[in-house]
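Enquirer: sequence and predicted model, in that order:
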There are 2 protein chains.
Amino acid sequence: MAFTATAISFPDPRQASIDGACSESKLPSPNQDHLPSEPSFEQPQQQQPSPKFKSSAMLSRWSRARSIRSGRMLDRLAQNDKLMEPDLGSPQALSPGCASPVSNRYAWFGRSRSDVSEATAAKQIYMVSDGTGWTAEHSVKAALGQFDHSLVDRKCPVNTHLFSGIDDGDKLMEVIKQAAKEDAMLVYTLADPSMVESAKQACSLWEIPSADVLGPITEAVASHLGVTPSGLPRGARGRHVPLTEEYFKRIEAVEFTIKQDDGALPQNLRKADIVLAGVSRTGKTPLSIYLAQKGYKVANVPIVMGVGLPKTLFEVDPEKVFGMTINPVVLQTIRRVRARNLGFGVEAGSNYFDMDYVREELDFAGKVFAQNPIWPVIEVTGKAIEETAAVVLRLYHDRKQKCSMPRISKRY
Amino acid sequence: MAFTATAISFPDPRQASIDGACSESKLPSPNQDHLPSEPSFEQPQQQQPSPKFKSSAMLSRWSRARSIRSGRMLDRLAQNDKLMEPDLGSPQALSPGCASPVSNRYAWFGRSRSDVSEATAAKQIYMVSDGTGWTAEHSVKAALGQFDHSLVDRKCPVNTHLFSGIDDGDKLMEVIKQAAKEDAMLVYTLADPSMVESAKQACSLWEIPSADVLGPITEAVASHLGVTPSGLPRGARGRHVPLTEEYFKRIEAVEFTIKQDDGALPQNLRKADIVLAGVSRTGKTPLSIYLAQKGYKVANVPIVMGVGLPKTLFEVDPEKVFGMTINPVVLQTIRRVRARNLGFGVEAGSNYFDMDYVREELDFAGKVFAQNPIWPVIEVTGKAIEETAAVVLRLYHDRKQKCSMPRISKRY
């Protein structure tokens, strides 16, 4: 049973009226299943994507950011008014059932603007891709990192929904329709230009805020290389991953790293590209695996008070060894959770997360690091694995290159 | 020794003339170190970013793609002429040393346009980030996937260079200057608006093709959430990763998966979210690790002809078991490389990569799969790990949700 994507054949909504599918003027109202009695509105203004909506995207990002930055939480609908309807003053634009571009979106739901603003606080982000969807997911996650301050305290919870392998126009329309129903925004990575065009038109027509993640960068790269993009999503016929050196190197790195985990096979430390040393729960294992996925062979060596370190640790090139340290209070918390997950309680009599012990063990590790001053010591407190990985790799490549402008270079 | 990023204080180039740093009119010519004798050109036209350059970015992406798509390899400079100088007809615009926006870039290098187009074929892509840089790297990799056809046959090799943790304006300018020297394009993910502004201005002034990966999506999300982005890059003070359930779940998944690798501890299959079964070298281990990083506990079970499978494999919920299969010729190639890497040659007498054996073992696996029709069988031939992961997770969530529009949902 093969799961490769089928060839894409998506009728352009502007031409498809011949066979009756997806003609723009026939695009179904997203809530037609839910609210069949909703009065259908006239659509003369929707025959073309709203120029007002388009122009809003061109407003200076940072002048807007600055105005938001002044500190107030903006009501999204109020902002939409400002962005999409700078000249909005007429009350009829707000009247329910009116065919104005702004009110249509809410008219579908048979509720007024105030109803909408009082609706559930969680915001929905739809991510749709004709490939794996990982680029969309990664980018949304990075963007959401800019809103940590509001997500953490749950003022503004966000749900993301990833739809991958959406490789024909019908499936795409179904997802976008659902996005409209759920009042979601849409983030898309679509390789096929006709799919992009359809997504744009549907989002414009249904007034779904959207962002094209792959398009602008692909366009810029195409222009830089002077080469046409293939327009084929990952997994499409004709896009097979070749068995390159890179492919084997990465798999080998992952397998090596798994075998070396937690101080196993210290005789192999020489073969590692990177060696991590630190006390238990400084994140050596997930960091090792993250780096391995990027093609580095990683070995990690636990530092345990009272347990001798392998001799080979001090024999390998010290420039590839990295110490890891962490705030003792945070470490205690992490160890307590770890012990609970393993089924050990306080009564187990272990000093594993005893504060004095935690501090002593960190001091012990600190002395080992002090005796090996070439090892950089990475402070991991409050860092995601990805961040620590970035620090390690920056230092690793700086040392290898010994040049004025360190970088991580790759050849494609 | 802590490696946390320091607070960002970057002088706005337009205001910095007071302290002499980075004033736009004083932006150093990128090659001033290399070519001090290069006649300095008047810069009256550079006081503001070139409107021509800006407008080119608004040209319809797909009308351009279509024209490129016709099949010819475009000479990038010819394309630049078209995009940036639609009315370019005057010979003086091509004269060396002229201050026109297009010719400046090449004037720095003291070479003519024809020299440039005859230069080394490898194209450079600079990626710069005030955080980890992984979003830029991921996006560039995805975009380059659209040019597989030209990269594979080396018609157009590409080198990427990642500069992470670029957290002040001076470092940023140094990288962009170097990008200009190397005739590179610039892809950036910068959280700080003043850094973005500087990057834009420098790229515009020095005519470096560029793409802002994080900005547009952050802007769209900000508008959707009605919340101000923090403007803080990853690793900045004040952006600490909290010890959430998600954090512990992911680490636990990675540790579980490592312990279960290659059929170890079959008694734990019940605890796995996903179980992968397949013959040696179908990519079970790297796939397991990839999925584990996403928070799934994965166990993998090798199918070896003549070796009994663990009883627990048939006792667990069959909806979480996935079979993996592959084209025998491709498998033979992968096994041959594997054997070589392990130091075994043909003389070792193993039938590990013998074609008859490979086929028989795949047939044997096929029979196991046929006896367990609920297990989906994933064809991994020519698929990257990320692609197979997308297929597995799509099926996994489809089965769990049993809804009409399957998706992978997360809460932030």
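Expert: Good, I have the coordinates.

Enquirer: can you tell me the number of residues neighbouring A:Thr312?
Expert: Taking other C-beta atoms under 10 Å in any protein chain shown as the neighbour definition, A:Thr312 ends up with a count of 16. (Each C-beta comes from the backbone N, C-alpha and C, glycine too.)

Enquirer: cool, A:Phe314 as well?
Expert: Close neighbours of A:Phe314, defined as other C-beta under 10 Å, add up to 13.

Enquirer: do A:Thr160 as well
Expert: When counting by other C-beta under 10 Å, one arrives at 22 neighbours for A:Thr160.

Enquirer: what secondary structure does it sit in?
Expert: Assigned state for A:Thr160: strand (three-state reduction, DSSP: H, G, I helix; E, B strand; the rest coil).

Enquirer: can I assume it is in contact with A:Glu137?
Expert: Yes: the pair A:Thr160 / A:Glu137 is scored as a contact, 7.4 Å apart, by C-beta atoms under 8 Å.

Enquirer: what touches both of the two?
Expert: Counting by C-beta atoms under 8 Å, 6 or more residues apart in numbering or on different chains, the common neighbours of A:Thr160 and A:Glu137 are A:Met127.

Enquirer: and the strands in chain A?
Expert: A:123-129, A:158-163, A:185-189, A:210-212, A:274-278, A:298-302, A:321-325, A:377-379, A:408-411 (DSSP state E).

Enquirer: so which of those strands is nearest B:Gln371?
Expert: Go through these one by one with C-beta to C-beta and the one that ends up closest to B:Gln371 is strand A:158-163, at 32.7 Å.

Enquirer: and the angle for that closest one with strand A:185-189?
Expert: Angle, strand A:158-163 to strand A:185-189, by axes from the mean of the first three to the mean of the last three C-alpha atoms, to 10 degrees: 40 degrees.

Enquirer: quick one: A:Asp317 from A:Asp273, how far?
Expert: Spatial separation of A:Asp317 from A:Asp273 under the definition C-beta to C-beta, to the nearest Å is 10 Å.

Enquirer: of those two, who's got more company?
Expert: A count of neighbours by other C-beta under 10 Å puts A:Asp273 above the other of A:Asp317 and A:Asp273, at 17 against 12.

Enquirer: contacting residues for the more buried one?
Expert: A:Asp273 is in contact with A:Ala253, A:Tyr296, A:Lys297, A:Val298, A:Lys320, A:Tyr396, counting by C-beta under 8 Å, 6+ apart.

Enquirer: redo these as TSV? Include pLDDT and distance to chain B.
Expert: Supplementary listing: those in TSV, determined by pLDDT from 0 to 100; distance: C-beta to the nearest C-beta, whole Å:
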residue	pLDDT	distance to chain B
A:Ala253	96	9
A:Tyr296	97	13
A:Lys297	97	12
A:Val298	97	12
A:Lys320	96	17
A:Tyr396	94	12
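
Enquirer: between the residues you listed, which has the most around it?
Expert: Highest count within the contacts of A:Asp273 by other C-beta under 10 Å belongs to A:Val298, 28 neighbours.

Enquirer: pretty sure that one sits against A:Lys271.
Expert: No: the pair formed by A:Val298 and A:Lys271 falls short of the contact definition of C-beta under 8 Å, at 10.7 Å.

Enquirer: overlap in contacts, these two.
Expert: Here A:Val298 and A:Lys271 share the contacting residues A:Phe256, scored by C-beta under 8 Å, 6+ apart.

Enquirer: if we can go back for a sec, right, and the strands of chain A - which one's nearest B:Val307?
Expert: strand A:298-302 (29.8 Å).

Enquirer: can you tell me the closest non-neighbouring residue to the residue in the stretch 251-400 of chain A positioned nearest to chain B?
Expert: Nearest to chain B, among the residues of the stretch 251-400 of chain A, is A:Gly382, at 3.2 Å (C-beta to the nearest C-beta). Of all residues not flanking A:Gly382 in the chain, B:His240 sits nearest, at 3.2 Å (C-beta to C-beta, 6 or more residues apart in numbering or on different chains).

Enquirer: tell me how far that neighbour lies from A:Phe248.
Expert: When distance is defined by C-beta to C-beta, B:His240 is 38 Å away from A:Phe248.

Enquirer: hmm, back to that, show me what contacts the residue nearest to A:Gly382?
Expert: For B:His240, the residues meeting the contact criterion (C-beta under 8 Å, 6+ apart) are A:Thr381, A:Gly382, A:Lys383.

Enquirer: mind putting the residues you listed into CSV with neighbour count and pLDDT?
Expert: Supplementary listing: those in CSV, determined by neighbours: other C-beta atoms under 10 Å in any protein chain shown; pLDDT from 0 to 100:
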residue, neighbour count, pLDDT
A:Thr381, 16, 95
A:Gly382, 18, 92
A:Lys383, 24, 93
